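Chemist: Here is a sequence with its predicted model. Questions after.
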Amino acid sequence: MRSFLILLLLVLVCGVWAGEFQPLDQDDILQLLDMLAEADLDSTDLAFEKDWDLSTRFKLESQMRVLQNPWEGLNELAHWRRLLGTQCMCQIASSCMAEAWQIPKDDIPHTDFAKVLENAGTSPKALAKSWSRILDQHQRDWRQAFSAFSPAQIDSLRSFWYQLCSESEDREKYKDYMAVRGLPYLEDVGLEYFAEFYDRVDWVLLRQTALSYQKACSALEKAASKLKFPSKKPYIYKSPHGLMIFGTAGDDIYLPHEKERVCLILDPSGNDQYRLPLGACWESPFFYLWDGDGNDVYSHDQPGGLFTAELGCCISVDVKGRDLYQGDDFSFAAYLGFALHRDLEGDDIYRCGMFSQGAALFGVAILNDEAGNDRYDATSLSQGLGTTRGIGLLMDKAGDDIYYLGGKYYHAPLMPLDHRTLGQGMGFGFRPDYAGGIGILYDGDGNDRYLGGVYAQGVGYWYAMGMLIDEAGNDVYNAVYYPQGSGIHLACGMLYDASGDDAYYSRNGPGQGAAHDWGVGMLIDGAGNDAYSIHGGQGLGLSNSVAIFVDRSGDDRYERKEEQNYGSGARSRGAGSIGLFLDAGGTDSYPDSLMANDKTWQKGTYGIGRDIDLRPSLKTSTEELAESAELPEADDPIEELFAAAAEWEVGSAIQRVRTARSYLAERSEEAIPWVLEHKLNTKSGLEYRALEALLKDAPQMAEGLYPYINEADSLAAKNAISLLAGEADSLLVPYIQELLTDGKYIPTCLSVLGVYPNEESIATLSQWLVHPVERYQFIAARSLASMQTPETNRILREKLVDPSFLLKCVLRFLTDEDER
């Protein structure tokens, strides 16, 4: 039976999870299965019943698949890696809506919007009229999806979002905010009551309309490239759907309009300022913004005012520039709608409040930044947050990025002095009534920093699923509690880092591939020399949960001596938990002798750990770069070869430096005269190393160095002396003594004499031990100590009376012959 189960699982690995997106391969799976067998378990034992609250509404099928069978977590990671790494935004949006709203992913027939818009030509007014006609049909369909609701119920639905998802500390703020907007303040946010409302939404029509609008916006973007934009001031067209504004190529300032919302802004270039509400709402459910170029500022100081879809569709694109996005709560967010913002180029800054930066409830919110070194700041419930029937996605494709959460809300009483952050790939449910959604933070490349507090970095809470996927780069993960691949309270949390030398830190656990209370947690690191530190985690199953930690390769460092680390399963409620820890490659270091390379161990009820070297020849990212680095050619000019030979001989430059040095040695007849003329007077330590290498490979170079010892150029002379001393050329000693007599290059000469443990050198150095200049005393003492003979040790002890600190150090580290 066990052989059949293994075969079945491998079929899944080689089929469903096949290709470059699989987080684990066949060898990894076989090791995990063999580890389970050590505890008399098999693959099916991970799939025990975990759905223990049957009253919770709105559970997602994919989350339940992973919860009930943790092996499906690998499938889910592969699915999202493929989708986010290779597919266009239309396909991503389509899949997210079908998943969030639990409806079939049917293809949607679309109108040829490009044909509708092509007659507008270069005229903004004509384009505005054509766009208004497109919005007519979309608005009719959108309102039809909510036709089961009265105006009062629509207002209650809108209030429900702000009251359910805001923090209790902000109660008065939201009372005032909803009064200003004319929305009712709900004295009782009844989740059971509102659950019936969501059953009445026509989700199929909502998805059809949102995807159709996305297609229309793509056509509008192409049509905008043909426009003749106004030159002096923006052109404003008043439509039934709101104001449509066409900006100039200059630095425009967009301010709020008292009576009407803006539904469209097209701006070709300029360093623009957007100080008005940007987004869609029930009154004006479709919004589109396109900015072609410039270092822009997008700012709004009220909740839901920065690229927010509240019962609507908000789509926006910033093509180019270093931009600042500054908003309050509910920015880059969606509720009963679709929000998509794309920033295609530039080093950008995003500063928002809570429920922001790719956060959704009964909707889909996507914040996509394609390039640049970006910074994301938010307080809580942000940076890829999916709550009930919502998918929140923060997707940054490239750049060295910083993700920060915190600064406002504290997690009392558990961690009263630390921030509750709930984000960076977080699925969050409203216990016990509503299940959560799917929250994903996806980073394609770059050396990134993730800074969070309590609940951060690939975490699920209450029938929800959170994922953090980082494809490349040397990354730093820092958090406080429940971080980095944690599934808490019937939820799933996963962190996958494909490559790079990464550092994972959390002050407290459980985390780093941990789960608690019928949960599933997973951390997988694909490659790199990594460091891990947490107080309880790395394959820690608590309260009837399943936790998996896998580091596939690299020389890794595990820092905490903690009983519950490295594969531990705790007993609870009359049953156990499963915790698996697998390090599958490299020479690793552990803080306890129980864990070691090439060893298997057990902890708790069903905690199994193993270190095995499956991939001894797997190269690090730096080694791969070294192999792919452009190498010099044998016939390159000597000047270019020397420049390559003088690069830093580390990391990705190793092969390039060594190749250049070998070519210089082969062409020594040309190289030696050139370096003596042009490089012997160098101040560069790297160039000096290249000179050393050439002298070692071409010893005949020494003959050419002697004439430079008495050169007027002191730097060339000192380098010549040091190079010859490095080869221990005994012919150098008379020159050294003559230079010392003349008082020239004293530090260099005293240092060089340490290479020659003969009577002449010892006698000369001994005289300098009593020189009044401490620097010379120390160099002479250091040179004598380096000879490591009984005679030199005796001289030092006799001569150095009342020594300074530097000389005390020399004496302290002396080793007599009989001690060695």
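Modeler: Yep, that arrived.
Chemist: quick one: the helices in the stretch 651-800 of the chain?
Modeler: 654-666, 668-678, 685-697, 701-705, 714-726, 733-741, 746-753, 759-768, 774-787, 790-799 (DSSP state H, counting those that start in this stretch).
Chemist: List the buried residues of the shortest one.
Modeler: For helix 701-705, the neighbour count (16 or more other C-beta atoms under 10 Å) marks 701, 702, 704, 705 as buried. The way it works is simple: take the backbone N, C-alpha and C, and place the C-beta from them, glycine included.
Chemist: What is the burial count for the residue lying closest to the third one once chain neighbours are set aside?
Modeler: This means residue 704. Spatially, and ignoring its direct neighbours in sequence, residue 704 is nearest to residue 676 (5.3 Å; C-beta to C-beta, 6 or more residues apart in numbering). Neighbourhood size, residue 676 [other C-beta atoms under 10 Å]: 18.
Chemist: Likewise for residue 413?
Modeler: For residue 413, the neighbour count with other C-beta under 10 Å is 6.
Chemist: Regarding it, what are the backbone dihedral angles?
Modeler: phi -90, psi -10 (degrees, to the nearest 10).
Chemist: Residue 586 contacts residue 552, correct?
Modeler: No: contact criterion C-beta atoms under 8 Å: residue 586 and residue 552 do not qualify, at 9.2 Å.
Chemist: which residues do these two both contact?
Modeler: The overlap between the contact sets of residue 586 and residue 552 (C-beta atoms under 8 Å, 6 or more residues apart in numbering) consists of residue 615.
Chemist: re the thing from before, distance of the residue nearest to residue 704 relative to residue 596?
Modeler: With distances taken as C-beta to C-beta, to the nearest Å, residue 676 is found 53 Å from residue 596.
Chemist: and the gap between the residue nearest to residue 704 and residue 295?
Modeler: On the measure of C-beta to C-beta, residue 676 and residue 295 end up 51 Å apart.
Chemist: so the residue nearest to residue 704 makes contact with residue 708?
Modeler: Yes: counting by C-beta under 8 Å, residue 676 does reach residue 708; the two are 7.2 Å apart.
Chemist: Quick check: closest non-adjacent residue to residue 299.
Modeler: Nearest to residue 299 is residue 326, by C-beta to C-beta, 6+ apart, at 4.3 Å.
Chemist: What's the end-to-end length of stretch 460-475?
Modeler: In stretch 460-475, first residue to last residue: 22 Å (C-alpha to C-alpha, to the nearest Å).
Chemist: Return the residues in contact with residue 751.
Modeler: Residue 751 neighbours (C-beta under 8 Å, 6+ apart): 722, 725, 779, 782, 783.
Chemist: Which members of these define the maximum pairwise distance?
Modeler: Farthest-apart pair in the contacts of residue 751 is 722 and 782; separation 15.0 Å (C-beta to C-beta).
Chemist: Residue 257: how many residues sit nearby?
Modeler: Residue 257: 15 neighbours (other C-beta under 10 Å).
Chemist: meant to ask about residue 279
Modeler: 29.
Chemist: just residue 467 next, same as before
Modeler: Neighbour count of residue 467, defined by other C-beta under 10 Å: 31.
Chemist: Give the other helices and strands that the longest strand along the chain contacts.
Modeler: Longest strand in the chain, counting residues (DSSP state E): strand 415-423. Applying 3 or more C-beta pairs under 8 Å, 6 or more residues apart in numbering; DSSP states H and E, we find strand 415-423 packed against strand 402-405, strand 410-411, strand 454-456.
Chemist: by contact count, what packs against the second one?
Modeler: To tie it back to what came earlier, the one meant is strand 410-411. strand 415-423.
Chemist: pLDDT averaged over the strand it packs on - what is it?
Modeler: Averaged across strand 415-423, pLDDT comes to 96.
Chemist: List the strands paired with that strand, with their directions.
Modeler: Note on strand 415-423: by DSSP bridges, its sheet partners are strand 410-411 (antiparallel), strand 454-456 (parallel).
Chemist: which parts of it are buried?
Modeler: For strand 415-423, a neighbour-count test (16+ other C-beta under 10 Å) marks 415, 418, 419, 420, 421, 422, 423 as buried.
Chemist: Dump that strand to CSV, restricted to CA.
Modeler: C-alpha atoms of strand 415-423 as CSV (Å, rounded to 0.1, in the frame of the first residue of the first chain):
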residue,chain,number,x,y,z
MET,A,415,2.4,41.4,22.3
PRO,A,416,1.4,44.7,23.8
LEU,A,417,4.5,46.6,22.7
ASP,A,418,4.7,45.3,19.2
HIS,A,419,2.7,46.2,16.1
ARG,A,420,0.0,44.0,14.7
THR,A,421,0.6,44.0,10.9
LEU,A,422,-1.4,41.3,9.2
GLY,A,423,0.1,41.5,5.8
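Chemist: Thanks again, I'm all set now.
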